[in-house]
Every structure is written in C-alpha cells, then in structure tokens.
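Chemist: 3D, please:
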Amino acid sequence: AMDEIRSELGQVLAGKHLASKRLMQESERHETLGEQIQLAIQQQRDDLASVAIARQIDIEAQIPVLENAVADAADRERELEGFIAALQAKQREMQGELERFRSAQSSARNEQQSGPHGQVQSRADKASAAFNRALNASQSVPSHLRGNAQDEAKLAELEKLTRDNRIQERLAAMKAKGGS
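Modeler: Alright, predicted model coming up:
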C-alpha cells in the first residue's frame, strides 16, 4: 500500500509542477496578448483585436482552474504525505507487535501461537480497510453534482453568448481607452 501511495504522490507532484508551469505560461501569454491588442487597435485592426481578446478571456477562465489545480495538488500532496506517515507509524507498530509476539512465542512454546498473530493480522486488515475506505471516499463524485445533457447544452449556449458579449464590451472599452 505504501508503494502505491508513494507512486500516487509522485504523480501528484508531477501534476502540480505541470499545472504551475502552465499557469506561468498562460499568465505570460495573457500579458503578451494585452500588448498585441493595443497594437491591433492602434492599427485599426478590430478583427485581430477581437481574436486576441477572445483568447485573453479564455486564458482568464483557465487561470483560476489552474490555480485551483495547483492548490488541490498541494492539498492532495499533504494528504498523501499524511497517509505515508500513518502507514509508516502503523508499520512500526506492527513490527513492534511482531517482535513482542516472537518474544512471547519463544518464551512460551506451549501456548497457542495463533492468538497474537491473529491480532496482528486483524489489525493489519482493519488498517488496510480503513485506508481503502478513506481513499475511495476522496475519489467519489456525488450523483447530485452531475447534470443532464439538455441542461448542459443550454448552459454552453448561454456561456457562448456571454463570452461573445464580453469580447465586444472589452474591445469597445479598449478602443475608448486608446482614443482618449
């Protein structure tokens, strides 16, 4: 189990790095587009300015998602590190119990040997089950968060209308700002 968690931790760290890198790239691209929009307006190329503004709006929508991805990865990283620490503690505890068992076994060969061993196995099974429940609970998506296809299509159309309107508003504001 610990190897699986370490593997997942590695994936989370890689994802966090990629999201951070993408966030920086998109922020730089947003700045560059701002400069290009000003140039397009100065050259009276509203068509180019509109395309650049549309891309800027897309980037502005992506930035919070990327920021959340970085934050979520950091949270998941801390969670996985906590799982690793807990499993290491459990492993040390189980090793201690195994040593006590072996000590008791060697001192009392006539007693039944399955008692303490059964307890160790039972505790290991319980720890593994609890870990799996926690892991599965963190990955499930409640059904009430899923929408139906017809509503999603209407929402997508509404988003497109809103986006087109924001592009035109921004272009007009930039023209007014450049003209004054």
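Chemist: need the helices for the chain, in chain order.
Modeler: Shown for the chain, the helices assigned by DSSP state H span residues 2-42, 46-107, 114-139, 149-179.
Chemist: Summarise which helices and strands the last one is packed against.
Modeler: Applying 3 or more C-beta pairs under 8 Å, 6 or more residues apart in numbering; DSSP states H and E, one finds that helix 149-179 contacts helix 2-42, helix 46-107. No exception for glycine: its C-beta is placed from N, CA and C like everyone else's.
Chemist: I'd like to know which of those has the weakest mean confidence.
Modeler: Ranked by mean pLDDT, those bottom out at helix 46-107, which scores a mean of 90.
Chemist: what's the angle between that helix and helix 149-179?
Modeler: For helix 46-107 against helix 149-179, the angle by axes from the mean of the first three to the mean of the last three C-alpha atoms, to 10 degrees is 130 degrees.
Chemist: chain center to helix 46-107, what's the gap?
Modeler: The chain centroid and the centroid of helix 46-107 are separated by 8 Å, computed with C-alpha atoms, centre = their mean, to the nearest Å.
Chemist: ok, now stretch 161-179?
Modeler: Averaged over its C-alpha atoms, stretch 161-179 has a centre that lies 33 Å from its chain's centre (C-alpha atoms, centre = their mean).
Chemist: and it, which residues are buried?
Modeler: Ile167, Arg170, Leu171, Met174 (16 or more other C-beta atoms under 10 Å).
Chemist: show me what contacts the third one?
Modeler: To tie it back to what came earlier, the one meant is Leu171. Leu171 makes contact with Asp46, Ala49, Ser50, Ile53 under the criterion C-beta atoms under 8 Å, 6 or more residues apart in numbering.
Chemist: okay, those residues in CSV with neighbour count and distance to Ala129 next?
Modeler: Below are the contacts of Leu171 laid out as CSV (neighbours: other C-beta atoms under 10 Å; distance: C-beta to C-beta, whole Å):
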residue, neighbour count, distance to Ala129
Asp46, 15, 63
Ala49, 25, 60
Ser50, 17, 57
Ile53, 23, 54
